[in-house]
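Chemist: Return a 3D structure for these sequence lines:
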Amino acid sequence: MCFNVEDVRNGLDAAFSGNSEVDLLSALKGNSFLFYPLYSRKYGIQPNFSEVSFGGGLRCDFCWLNDNSDGPEWVLVEIEKPKLKLFTAGKKPTAEFNSAIEQVRSWSRYFHLNPSEMRRIFGAVSKFRYILVVGSKDNWEVNHAAQWRAHFNGQEKIEIRSSNIFYESLQLYIEHEEEFWSFKQNPTSLPSKNLGKYCDEYDYIKKWRAILN
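Modeler: The predicted structure follows:
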């Protein structure tokens, strides 16, 4: 199958012009290739799952498995408004931005305190990779914002990325469609209800469940 470039661009344009997290999530769920920059391995990818809930009312927008040789790495992604205001006039993170960061931090705390739930949800976990996609490229390129993010990404377990990565994915797809064959095999997000079956049936997870548990 091929992704519909015009429809994807229209979806992204609507999300950015309306600063809509809902519209952005909709575009992402229907077009897995938009996650291309966030996948460590571009070929032989595993499918992504949307709206995976944890205990205590927590939920990530997307997750997927990196089935590495040194153990399963689960990537958990939080999507925020593409033009969310990042910093105050005093160059401090806004309350809304801080709330998004704290939401991702809460995942790490939850799994540290509830290892049995971590295993129930993901089958086997060697490590997590946490990604927060928030704000526009223009806002992140302001000097104080760029400096803040460079320090944050170097100190925290959370990787912050600009929402413009999805436009970058679209342009890469237009120019190098042949590089996206693995995403064409997994074109859309799977519902969270499929995650348990995926973990139960994937031999890689079965092997690492026995090793780690």
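Chemist: Using CSV, write out every CA atom in the one helix or strand Leu28 maps to.
Modeler: Per DSSP states H and E: Leu28 is located in helix 21-29. The C-alpha trace of helix 21-29 is given here as CSV (Å, rounded to 0.1, in the frame of the first residue of the first chain):
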residue,chain,number,x,y,z
GLU,A,21,-3.8,17.6,19.7
VAL,A,22,-6.9,15.6,18.7
ASP,A,23,-6.4,16.3,15.0
LEU,A,24,-2.7,15.4,15.3
LEU,A,25,-3.4,12.2,17.0
SER,A,26,-5.9,11.3,14.3
ALA,A,27,-3.3,11.9,11.6
LEU,A,28,-0.7,9.8,13.4
LYS,A,29,-3.0,6.8,14.1
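Chemist: tell me what the next helix or strand after it is packed against?
Modeler: Per DSSP H and E, the first helix or strand lying C-terminal to helix 21-29 is strand 48-53. With contacts defined as 3 or more CB pairs under 8 Å, 6 or more residues apart in numbering; DSSP states H and E, strand 48-53 has these neighbours: strand 59-68, strand 190-191, helix 195-201. (C-beta placed from N, C-alpha, C; glycine too.)
Chemist: for the record, mean pLDDT for the last one?
Modeler: I take that to be helix 195-201. What helix 195-201 shows for mean pLDDT is 97.
Chemist: That one packs against which elements?
Modeler: Using 3+ CB pairs under 8 Å, 6+ apart, helix 195-201 sits against strand 48-53, helix 115-122, helix 203-212.
Chemist: The residue lying farthest from the centre of the chain: helix or strand, and which one exactly?
Modeler: The outermost residue of the chain relative to its centre, with distances by CA atoms, centre = their mean, is Gly90 at 29.4 Å. Per DSSP H and E: Gly90 is located in neither a helix nor a strand.
Chemist: measure it to Cys60 for me?
Modeler: For Gly90, the distance to Cys60 (CB to CB, to the nearest Å) stands at 31 Å.
Chemist: Return the set of residues that bridge with the most centrally placed residue in the chain.
Modeler: The centroid of the chain falls nearest to Val77 when counting by CA atoms, centre = their mean (2.7 Å). On the basis of DSSP bridges, Val77 is bridged to Phe62, Ile131.
Chemist: Check the gap between it and Ala210 for me.
Modeler: From Val77 across to Ala210, the span is 28 Å (CB to CB).
Chemist: Correct me if wrong: Arg59 contacts Ser53.
Modeler: Yes: the pair Arg59 and Ser53 qualifies as a contact (CB atoms under 8 Å) at a distance of 4.6 Å.
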